[in-house]
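Novice: structure, please.
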Amino acid sequence: MDKTTEAFRTIGEVAEELDLPQHVLRFWETKFTQIRPVKRAGGRRYYRPDDIALVAAIRVLLYSEGYTIKGVQRILKEQGVRAVIAASAAPRGATSLAAAWALPAPPLIEPARTGIDTPAPAARGPALIARLSAPEPGATASGTTSLSMQDRHRLEAILAELTECTRLLA
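Specialist: The predicted model follows:
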């Protein structure tokens, strides 16, 4: 006989239903304090329907949407458990959970502009931008260099992106 939708489920049943190993569910309990299965005698875990819905939403965020554990923790903190569960159940027309939540898109890193009035990126960036902005020793009399302007802009964009990555990781 099948259980009702309101019945508590064991960790094995939840793991099978969501196609997750049991040890992953136990690990997620340590990382996401919002998952609180009822623990009975002998340490058996029984998941409530809300816990199952939350685990399913976390699974989608981690495996389908590509979020990290810290990213999902941040979403749970900012949006709340109910919003995460509702967004995972609601997006019939949405292409992703991020679209369903209407999360702001991450800011695009704009290519660094050369010029005196633009601030240089942090750390090691100023020296490299100065070298890119200075005329090359192999420049011709007309002022052209071996790098095209398009290549120079690409390098500056890459430098800005790497500098931003370094800042985020620090």
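
Novice: in the protein, which helix or strand is least confident?
Specialist: Ranked by mean pLDDT, DSSP states H and E, the weakest helix or strand in the chain is helix 97-101, scoring a mean of 46.

Novice: average pLDDT for the helix or strand hosting residue 59, rounded please.
Specialist: If you go by DSSP states H and E, residue 59 is part of helix 49-59. Throughout helix 49-59, pLDDT has a mean value of 91.

Novice: ok and the very next helix or strand once past that helix relative to helix 49-59, angle-wise?
Specialist: Counting by DSSP H and E, the next helix or strand C-terminal to helix 49-59 is helix 69-79. Angle between the axes of helix 69-79 and helix 49-59 is 130 degrees (criterion: axes from the mean of the first three to the mean of the last three C-alpha atoms, to 10 degrees).

Novice: got the contact list for residue 15?
Specialist: Applying C-beta atoms under 8 Å, 6 or more residues apart in numbering, we find residue 15 in contact with 21, 22, 24, 25. C-beta: built from backbone N, CA, C; applies to glycine.

Novice: list buried residues within those.
Specialist: Listed as buried from these are residue 25; burial here means 16 or more other C-beta atoms under 10 Å.

Novice: list the buried residues in the longest helix seen in the chain.
Specialist: As assigned by DSSP state H, the longest helix anywhere in the chain is helix 149-169. Within helix 149-169, the residues scored as buried using 16+ other C-beta under 10 Å are 153, 155, 156, 159, 160, 161, 163.

Novice: can you tell me how far the second one is from residue 168?
Specialist: Just to be clear, that refers to residue 155. The spacing between residue 155 and residue 168, counted by C-beta to C-beta, to the nearest Å, is 20 Å.

Novice: could you do the fourth one as well?
Specialist: As for residue 159, its distance to residue 168 is 15 Å (criterion: C-beta to C-beta).

Novice: would you list the contacts of residue 15 in CSV and tack on distance to residue 34 and secondary structure?
Specialist: Listed next are those as CSV, based on distance: C-beta to C-beta, whole Å; DSSP: H, G, I helix; E, B strand; the rest coil:
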residue, distance to residue 34, secondary structure
21, 20, coil
22, 19, helix
24, 16, helix
25, 13, helix
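
Novice: which one of the contacts of residue 15 is nearest residue 44?
Specialist: Nearest to residue 44 among the contacts of residue 15, counting by C-beta to C-beta, is residue 22 at 11.8 Å.

Novice: tell me which element the nearest residue to the closest one once chain neighbours are set aside falls in.
Specialist: Of all residues not flanking residue 22 in the chain, residue 15 sits nearest, at 4.6 Å (C-beta to C-beta, 6 or more residues apart in numbering). Secondary structure assignment for residue 15, by DSSP H and E: helix 11-18.

Novice: much appreciated, bye for now.
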